[in-house]
Each structure stands twice: as structure tokens, then as C-alpha cells.
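Trainee: This is a predicted model, with the sequence first.
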Amino acid sequence: MSPTTLPTGLEHGHVTFLGAGPGDPGLLTLRAVEALAHADVLVAEHDVLDVVREHARRGVAEVHTDGGPSSGPLPGTGTPQLAVVDGSSTTAGIPAVRDAAHLVMEAARGGRRVVRAVPGDPGLDTYAAEEMLACAAAGVPFEVVPGVAAAVGVPAYAGVPLRDAQGADVRFVDARTASDRCWTEVGASDGTVVVSTTLDSVGAAAGELVSAGRKPDTPLSVTVAGTTTRQRTWTATLGTIAQTLKQAKVLPSPEGGRPVIAVVGERSAAAQRDQLSWFESKPLFGWKVLVPRTKEQAASLSDQLRSYGAVPHEVPTIAVEPPRTPQQMERAVKGLVTGRYEWIAFTSVNAVKAVREKFEEYGLDARAFAGIKVAAVGEQTAKALVAFGVKPDLVPSGEQSAAGLLEDWPPYDPVFDPIDRVFLPRADIATETLVAGLIELGWEVDDVTAYRTVRASPPPAETREAIKGGGFDAVLFTSSSTVRNLVGIAGKPHNVTVIACIGPATAKTAEEHGLRVDVMAPEPSALRLAEALADFGTRRRTAALEAGDPVTRPSERRPGARRRRSST
């Protein structure tokens, strides 16, 4: 029975055993996302939370199995509230998974929809199988949502296909529980072997395979943190992998116990990984990129950076406050209702928010826009309008800026336009480009301050230290104010950090603050800025490979290393 159709009065509730995959949240199935969206209780180990939480209900209340303080109770019989259970801790020496199983059963008995998320696939998780049996014995209905198993997903992300055109046999071994008989069987085979092990046991697993009959020169690949932007893969042979990891200063390591996936075999394509490594060769793979904008403003930019393999980190540099004198805004909203305007133009998400809040103050809703044409400067602003219940009539077909909006804006025509006035709610520091352009097209403009922008509060201390200490690989500046405000609230980025600017004016401001600009967008667009940074990363990677140097991130440079000016 699907949790979306669960009768609310069912005494025993319902449990969904859900596979969260090997680490990349993008590998969750559509069915998994649906189950998470309808969950009342989510039970997951610590390393699975980051993968599944994004798709869970809002208002998460964490409950820890160690009996410590929680940020909220388990859901009651009223409005469902999601409880995230961190099953990684222990109680009185009892394995945490036992606590999680108890919480699953207790939550289900309360008639709630429970999602038990596990790494990889539930069918390969021993504890999940035991919990399913417990549900079955107690008469609690459950379902299983498969996930991508690490033994399959990680090699795919490492660029190591498990089969070739000859259809080699593939064996899967968990080195942590494998018996001598198991090693003997896989050692006698000439097929591909996928070994789940730990970073400090890779050499021992390779030795087991050699002892069982595999040749020491058999190709081998080892991947840690697979399918995440921390992924790293080494290629060697069964006989040399221990030395390869030692030379790479991987072993010994305080993180030696981390799980890894090793792929062994002549036909596993490990030898062709240079050509097939699509994930780790992304232009900004693993780069920590600072985006001095709010999450709402940076949504599409951060998504694009992720597509290049980067890890975006949004830091707001401005805060939004109401105008000092609200009368102008109040008159404009009343004029909107009484038919004073032909158009209203929104140049930011904050402008949409300001108008929406004023509407709510007057008891108005999206119906007040009836008969008025609505323009949005870009996709994010348009999304904010749609969430408000308003579909914009005009969004730039080209550049998402005031200039792009003007290119598509129709000139005033007294025959077709009964009213010649445009309502433009904006920030107090907005430029005059759009106003001047609309006047040139024959329109009258009510340029109204809908909100004020002030410098945001400083980010957390660890973020400030990362900015000043070279913890970020790059920073994207989308305006002169983001440069001034970031330096003001967090300090100047370290000299190893790649500085990328949206245009000449922003670059000039960066240089005035003592920053060397490495990348500049060919057009004043945030998305083109991300493209330019990706091009920079590609050239940097290519240069390292051609020189026979290891591919490193800017933040991995030696302290004091000088940066060479980019040709961009």
C-alpha cells in the first residue's frame, strides 16, 4: 500500500524502507522523493540525512537516539511534523540500529507514515532486512523502495564499466564479511570483482585475491566518497595498490575506516579510466565556490555550478528592510488596484516579496493583478511571481537583466495601450537603466522604493576564516556591492582564491579592494559568469595534465604560492 493512500485511522501506520543510494542526492528515485514528501517520521543514520532531508517535509524536528535533548517531539496525532532520527549514536552500548528499529516500530504503531532510509539499497542492508521481519511479525504494513547500490553506482561515477562487449562475469564481495571460501571462488574466476571494503583494508583485500589465484598485475581501481564531490579514485594493480596509496599519502589515515569500492579485473576498463572518468574530470570538480548572494537569489547560479562539479556556498552580503517612508509604496499599491497602471515590472525576487507583503497587509491577493501586464527580469523572479499566483506576461528572451528586459519591452502605443504608466517597485540603490529605457519607449514610470538594501550580518566565524585563509577555491562577484559588502562583513579573500567578476565595473571595484581578477564574464549575466569560471577550470586542468602535474584545486596550492594572472 502506498503511503499516499494510507487510511489515517490505521492503528499500525506504514513503513517505507527506502534506498538512499551511494551519496549523490540526484540518484534518489522518483518514488523515493514521493515517499519522503509524505513521511511523518524519517529514520536515518547520520550519513544518510544530508541525502534525504531536502525532499522531506519542512519543519524538521531532530530526535537523537542517545536520549539527549531534541529540537522537537515525535509527531503527535495533530498536524504531521517530521521527526529526523539520528541513528548513528548509541544507548547503553546497544547498537544504534536497534534503537532505530525500536523507534520505527513505535512511530508506526502510532498510525504514522514512517520512512526508514538506508545507504545504497535496502535489499543489501542487513539491518533493514531484520527491521522488515520485525514489521512483518508485528503486522505493520511496509513497502520497499529500491536504491542505487554503492557497488554499482560508485564504479559508474568513477568511469569504470563493470562489463565489456564480451560480457565478463561480475562478482560482488564485501571484504568485511567475506569468508575464505568466498575469496577462493572469486580468485579462481577471471571476471570482474567489485570489492566493498575500507580504506585501511584495501591492501589486505588485494592480498587475499592474489593469494586466491589472481595475478599481481591485475588492474585495480579504488574509489573513496563515491558519487559525491569528495570522490577520489586511484588506479593501480593488485600488487601495487598498497604502495600507490602510500605514495599518495592516503594510508595511514585517520579516515582509514571509510568505506571504499574497489574494482578488479582485466576487462573492467580500469586501464581506460583516463578516457572514461566523466565525473572527476568536470571542470570545477570539488571546487568550493563562494556565492555572495542569498539562497533565493543564487538558486539557478548554484545549480549551474553544481553541474560543473562545484560545491557552492551561499553567503548573503545584503539584508532587506522596509523603506523608511512607506507612503509612496502604499499609494502605488492602491493605484494598482484602481487601474492607474498598464504594467508592473519586477526586477528582483525581493521586489515580488515586498509587493506581496503589502498586498497581505491590505487583505489583497493575486486577483488584484487582473487587467495589468506583469514583467519579470528573469527566471527566478518569474518563479517567485508564479508562487504568488501570477504568471508574468513578459520575461526577457535573451539576457536576464534590465537591458534584456528593455529589448523585449513594447513601446507605448496610444491606440492599444489605454494607460501609459508603469509601476516599478525596486531597491533603494537600483540603477536608472530601466527607468531611462522605459521613458525612451514612451512610458511614464512610477519608480517606487519598495525595499532598502543594507549590509548583512557577518557570516559564521568558520566561513570568515575560510574566506581569509584560502578555504574557498573561487568567489563569484555579481555586482560591485557584493565586493564591498563581502570584504566589509567577512574580510578580503585569500590570494589563492580565484576571483570571478560579472563585468568591468565589478572587476574595477575588486581591484580597488586589492583583489586580482582571474575571470570575467563575456556578458553581464550570472550564468555566463559561471560558464567563464568553468572554462577557467578546464584550462587549468588541461595545463596541469599537459605538464604532467597532479590536478589540484586552487585551495590546495602551497601556502605563499603566487597566482598567475588569467588571460581572461
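Mentor: Noted; the coordinates are in hand. Residues are numbered from 1 along each chain as shown.
Trainee: With just CA atoms, put stretch 124-138 into PDB.
Mentor: What follows is stretch 124-138, C-alpha atoms only, in PDB (Å, rounded to 0.1, in the frame of the first residue of the first chain):
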ATOM      1  CA  LEU A 124      21.700  -5.200   0.600                       C
ATOM      2  CA  ASP A 125      21.300  -3.800   4.100                       C
ATOM      3  CA  THR A 126      21.400  -6.500   6.900                       C
ATOM      4  CA  TYR A 127      19.700  -4.300   9.500                       C
ATOM      5  CA  ALA A 128      16.900  -3.200   7.100                       C
ATOM      6  CA  ALA A 129      16.100  -6.900   6.500                       C
ATOM      7  CA  GLU A 130      15.800  -7.500  10.200                       C
ATOM      8  CA  GLU A 131      13.600  -4.500  10.600                       C
ATOM      9  CA  MET A 132      11.300  -5.700   7.800                       C
ATOM     10  CA  LEU A 133      11.000  -9.000   9.600                       C
ATOM     11  CA  ALA A 134      10.100  -7.200  12.800                       C
ATOM     12  CA  CYS A 135       7.400  -5.200  10.900                       C
ATOM     13  CA  ALA A 136       6.000  -8.400   9.300                       C
ATOM     14  CA  ALA A 137       5.900 -10.100  12.700                       C
ATOM     15  CA  ALA A 138       4.000  -7.200  14.300                       C
END
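Trainee: Flag every buried residue along that stretch.
Mentor: Neighbour-count burial for stretch 124-138 flags 124-125, 127-128, 131-132, 134-135 (criterion: 16 or more other Cβ atoms under 10 Å). The C-beta positions use only the backbone N, C-alpha and C, and glycine is treated the same way.
Trainee: Reformat those residues into CSV and put pLDDT next to each item.
Mentor: Shown next, in CSV, are these (pLDDT from 0 to 100):
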residue, pLDDT
124, 90
125, 85
127, 82
128, 88
131, 87
132, 89
134, 85
135, 87
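Trainee: now, which of those lie within helices?
Mentor: 127-128, 131-132, 134-135 (DSSP state H).
Trainee: Going by distance to residue 452, which of the residues you listed wins?
Mentor: For these, the residue nearest residue 452 by Cβ to Cβ is residue 128; the value is 52.7 Å.
Trainee: Quick one: neighbours of residue 331, just the number.
Mentor: Residues lying near residue 331 (other Cβ atoms under 10 Å) number 13.
Trainee: again, but for residue 416
Mentor: Residue 416 has 8 neighbouring residues, counting by other Cβ under 10 Å.
Trainee: roughly how far apart are it and residue 336?
Mentor: According to Cβ to Cβ, to the nearest Å, residue 416 stands 20 Å off from residue 336.
Trainee: which outside residues touch the helix or strand in which residue 506 is found?
Mentor: Assigned by DSSP states H and E, residue 506 belongs to helix 504-512. The contact list for helix 504-512 (Cβ atoms under 8 Å, 6 or more residues apart in numbering) reads 477-480, 482-484, 499, 501, 517, 520.
Trainee: Farthest pair within those residues?
Mentor: Largest pairwise distance in these, by Cβ to Cβ, is 17.8 Å, between 484 and 520.
Trainee: Comparing those two, which residue is more hemmed in?
Mentor: Shown here are residue 484 and residue 520; by other Cβ under 10 Å, residue 520 has more neighbours (21 against 17).
Trainee: And that one, its phi and psi?
Mentor: Residue 520 has phi and psi values of phi -140, psi 140 when expressed as degrees, to the nearest 10.
Trainee: check contacts around it.
Mentor: Residue 520 neighbours (Cβ under 8 Å, 6+ apart): 500-504, 507, 532, 568.
Trainee: quick one: which of these has the most company?
Mentor: residue 501 (29 neighbours).
Trainee: Bridge partners for that one, pull those for me.
Mentor: residue 477, residue 520 (DSSP bridges).
Trainee: same check, this time on residue 145
Mentor: For residue 145, the beta-bridge partners are residue 18 (DSSP bridges).
Trainee: ditto for residue 115
Mentor: Bridge pairing for residue 115 - DSSP bridges - gives residue 16, residue 42.
Trainee: isn't it right next to residue 42, touching?
Mentor: Yes - counting by Cβ atoms under 8 Å, residue 42 is a contact partner of residue 115 at 5.0 Å.
Trainee: where do the contact lists of these two overlap?
Mentor: Here residue 115 and residue 42 share the contacting residues 36, 52, 56, scored by Cβ under 8 Å, 6+ apart.
Trainee: Find me the pLDDT at the last one, would you?
Mentor: Just to be clear, that refers to residue 56. With respect to pLDDT, residue 56 scores 85.
Trainee: how deep is it tucked in, by neighbour count?
Mentor: The number of residues packed near residue 56 is 21, by other Cβ under 10 Å.
Trainee: ok, it to residue 416 distance?
Mentor: In terms of Cβ to Cβ, residue 56 sits 49 Å off from residue 416.
Trainee: Please apply the same query to the second one.
Mentor: Noted for residue 52: a distance of 52 Å to residue 416, by Cβ to Cβ.
Trainee: Residue 29 now?
Mentor: Plainly put, residue 29 is 50 Å away from residue 416 if you go by Cβ to Cβ.
Trainee: And for residue 290?
Mentor: Relative to residue 416, and taking Cβ to Cβ, residue 290 is found at 47 Å.
Trainee: For the helix or strand hosting residue 361, enumerate the helices and strands it packs against.
Mentor: For residue 361, the enclosing helix or strand under DSSP H and E is helix 349-362. Contacts defined by 3 or more Cβ pairs under 8 Å, 6 or more residues apart in numbering; DSSP states H and E place helix 349-362 against strand 318-321, helix 327-337, strand 343-346, helix 379-388, strand 421-427, strand 444-455.
Trainee: Restricting to C-alpha, output the third one in PDB.
Mentor: What that stands for is strand 343-346. Below are the C-alpha coordinates for strand 343-346, written out as PDB (Å, rounded to 0.1, in the frame of the first residue of the first chain):
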ATOM      1  CA  TRP A 343       2.300  47.400 -16.500                       C
ATOM      2  CA  ILE A 344       4.100  46.400 -13.300                       C
ATOM      3  CA  ALA A 345       7.800  45.400 -13.700                       C
ATOM      4  CA  PHE A 346       9.600  43.200 -11.100                       C
END
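Trainee: average pLDDT across that strand?
Mentor: Averaged across strand 343-346, the pLDDT comes to 95.
Trainee: chain center to that strand: distance?
Mentor: Remark: strand 343-346 is offset 32 Å from the chain centroid, using Cα atoms, centre = their mean, to the nearest Å.
Trainee: With the fifth one instead?
Mentor: A distance of 34 Å separates the C-alpha centroid of strand 421-427 from that of its chain, computed with Cα atoms, centre = their mean.
Trainee: got a list of contacts for the helix or strand just after it?
Mentor: As assigned by DSSP H and E, the chain's next helix or strand after strand 421-427 is helix 433-440. Residues outside helix 433-440 that contact it (Cβ under 8 Å, 6+ apart): 345, 347, 402-403, 405-406, 409, 422, 424, 445, 447.
Trainee: please redo it, this time with the cut-off set to 10 Å
Mentor: For helix 433-440, the external contacting residues (Cβ atoms under 10 Å, 6 or more residues apart in numbering) are 343, 345, 347, 375, 377, 401-403, 405-407, 409, 411-412, 422, 424, 426, 432, 443-447.
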